[in-house]
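Chemist: Okay, here's the prediction I keep looking at, along with the sequence it came from:
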Amino acid sequence: MGGRGSNSVEKCGYTLIEVLLATMLFSIIVMLASFSMEQGLKYYHGLAERGLNFWRRAESLWLNNIFGAMMDYYVRDEDKRKWYPFFTGRREFVAGVSGRALGERIPVVFVIEKEVEAKGKFALVYYELPVSTMNHKELKELIDFKQYKEGRKIKLYSGLVRVEFRYFGLDEKNIERWHEEYDSWRYQSLPSLIRIDLSYDIGDDIIYLPLYVNSLHKGIYDEIY
């Protein structure tokens with residue numbers, strides 16, 4: 001009888017230990033699974049966040065491509081009898097000629113303009129048309145009468161509370177400085193840098209767009225032609 005009792009106690013002891021070990025292993029498995037899931041969620045959250053940041057910056061990357069392919073497209077102002085590289089910069093829009101169009105590699109005249117949206121907000125909108133052989137008069141009418149709105153259009157930014165352009169380039173004394181407005185026929189050259197200030201309800205952003213096309217060798221256009 002005593003032997004049978006001791007065997008039962010031993011069996012109960014082994015069973016209890018097995019239950020404890022099984023419970024411990026199960027707890028470890030659950031803990032590892034939870035940790036793995038947490039790390040996985042953090043990883044995919046990071047991917048999503050980087051993706052969102054990329055798309056937030058995609059517009060500025062695309063603008064850099066447009067301005068990086070800017071052309072010193074010379075036209076003649078018959079009234080002033082002067083050749084100049086076409087470019088018009090204002091506080092609310094910029095217009096020029098680029099060798100990179102939307103999905104094509106053809107020269108286009110483009111306008112990037114601040115436009116009014118609902119509830120007092122603003123959008124930054126891009127327009128383009130093939131420049132073909134447009135002259136000074138045609139380009140001036142294109143800007144003055146907003147004929148560029150007939151071309152292709154992309155809304156780059158929206159929901160803005162402020163949009164402002166500034167231009168770094170030569171002045172009448174051949175000294176580079178910041179301008180609120182810039183006319184290339186006046187300075188006989190394109191600006192070397194364009195700054196776009198964007199403000200949202202939650203903060204501000206600044207885009208710098210360098211131009212690499214300025215060529216002082218073409219400053220003798222008037223003498224040649």
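Modeler: Perfect, I can see it now. A quick note: this is a predicted structure, and the numbers were derived from the prediction, not measured.
Chemist: do you know how far the closest residue to Leu102 other than its chain neighbours is from Ala95?
Modeler: With Cβ to Cβ, 6 or more residues apart in numbering as the criterion, Leu102 has its nearest non-adjacent residue at 5.6 Å, and that residue is Arg152. From N, CA and C alone the C-beta is placed, and that goes for glycine too. Here Arg152 is placed at a distance of 15 Å from Ala95 (Cβ to Cβ, to the nearest Å).
Chemist: where in the chain is pLDDT low?
Modeler: Applying pLDDT under 70 to the chain flags the ranges 1-23, 25-57, 214-225.
Chemist: can you do 80?
Modeler: Residues of the chain that meet the criterion pLDDT under 80 lie in 1-60, 102-104, 214-225.
Chemist: can you pull the contacts of Lys155?
Modeler: Ala123, Leu124, Val125, Tyr126 (Cβ atoms under 8 Å, 6 or more residues apart in numbering).
Chemist: now the helices: where do they sit in this structure?
Modeler: Secondary structure of the chain, counting by DSSP state H: helices at 2-68, 136-144, 184-187, 221-224.
Chemist: check contacts around Lys140.
Modeler: Counting by Cβ under 8 Å, 6+ apart, Lys140 has no contacts.
Chemist: ok, so what distance separates it from Arg81?
Modeler: To Arg81, Lys140 is 15 Å away according to Cβ to Cβ.
Chemist: ok, and the closest non-adjacent residue to Gly169?
Modeler: Pro191 (3.3 Å).
Chemist: count of neighbours near that neighbour?
Modeler: Residues contacting Pro191 under the criterion other Cβ atoms under 10 Å number 26.
Chemist: do the same with Tyr167
Modeler: Using other Cβ under 10 Å: Tyr167 sits among 25 other residues.
Chemist: so who does it touch?
Modeler: Gly89, Val94, Trp178, His179, Glu180, Glu181, Tyr182, Pro191, Leu193, Ile194, Arg195.
Chemist: try Gly68
Modeler: Per Cβ under 8 Å, 6+ apart, neighbours of Gly68: Arg100, Pro210, Leu211, Tyr212.
Chemist: tell me the contacts of Asn135?
Modeler: Val75, Arg76.
Chemist: Next up, phi/psi of it, please.
Modeler: phi -100, psi -180 (degrees, to the nearest 10).
Chemist: I'd like to know how far it sits from Arg76.
Modeler: Taking Cβ to Cβ, one finds Asn135 at 7 Å from Arg76.
Chemist: And Thr88, by the same measure?
Modeler: 16 Å.
Chemist: domains for this protein, by residue range?
Modeler: 1-68, 70-224 (automatic domain parsing).
Chemist: re the thing from before, ok, Arg152 and Ala95, which is more surrounded?
Modeler: Counting neighbours by other Cβ under 10 Å for Arg152 and for Ala95 shows that Ala95 has the greater number, 19 against 15.
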